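1. build me a structure from this.
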Amino acid sequence: MPKLIATNKFAKSDYEIESTYECGISLLGWEVKSLRAKNVKMENAFCSISNGNELWINNLNIAQYMLVKCDPYRSRKLLMHKAEILRLKTKQERLGLILIPLSIYWVQNHIKVEIALAKKLKKFDKREKIKEEELKRKIKNELY
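-> Model prediction:
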């Protein structure tokens, strides 16, 4: 049973999610301790694939733990099989999608990151999405 650490609050409202993937993350000791205390912000975080076919997470703010001198916004490596990374890269280039992190959670003794291939929504798309959700709620309330 996964234990949730943090979620990206703006992901579902700002993006249309195509598909999701689970991957590991390479962290330092103080970062793990800070994640145990849930001192993380995912607001402006995004993922990128480097030239060496490595998956990185950028702008993930893991707060400083006690008096450790550190960079809370450093790029961290995400752990996936190379074939999966290449599949993500081709989908991203072909369809013009963005890789964003959705959540960070514990699975047994490992920290996992859920990432998604997503498309950025325009302002009018967001309005339409809100209208559809309101209609679904009204219909649901009328039926029950």
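
2. against which helices or strands is the helix or strand harbouring residue 30 packed?
-> For residue 30, the host element (DSSP states H and E) is helix 29-36. For helix 29-36, the packing partners by 3 or more C-beta pairs under 8 Å, 6 or more residues apart in numbering; DSSP states H and E come out as strand 61-62. In short, each C-beta sits where N, CA and C put it, glycine included.

3. what are the pairing partners of the strand it packs on, and which direction each?
-> Paired with strand 61-62 in the same sheet, following DSSP bridges, are strand 40-41 (antiparallel).

4. so after the partner strand, what's the next helix or strand?
-> strand 46-49.

5. tabulate the CA atom coordinates of that following strand in CSV.
-> What follows is strand 46-49, C-alpha atoms only, in CSV (Å, rounded to 0.1, in the frame of the first residue of the first chain):
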residue,chain,number,x,y,z
PHE,A,46,9.1,19.1,-14.6
CYS,A,47,11.0,16.2,-16.1
SER,A,48,13.5,16.1,-19.0
ILE,A,49,15.4,13.5,-20.9
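
6. after that strand, next one along is what?
-> strand 55-58.

7. give the rounded mean pLDDT of that following strand.
-> Average pLDDT, strand 55-58: 94.

8. and for stretch 66-80?
-> Stretch 66-80 comes out at a mean pLDDT of 87.

9. so which bits of it are buried?
-> 76, 78, 80 (16 or more other C-beta atoms under 10 Å).

10. now residue 127: which helix or strand?
-> Following DSSP H and E, one finds residue 127 within helix 123-143.

11. lowest confidence element among the helices and strands of this structure?
-> None of the helices or strands of the chain scores lower by mean pLDDT, DSSP states H and E than helix 11-14, at a mean of 82.

12. could you name the helices and strands sitting against that helix?
-> strand 98-107, strand 110-120, helix 123-143.
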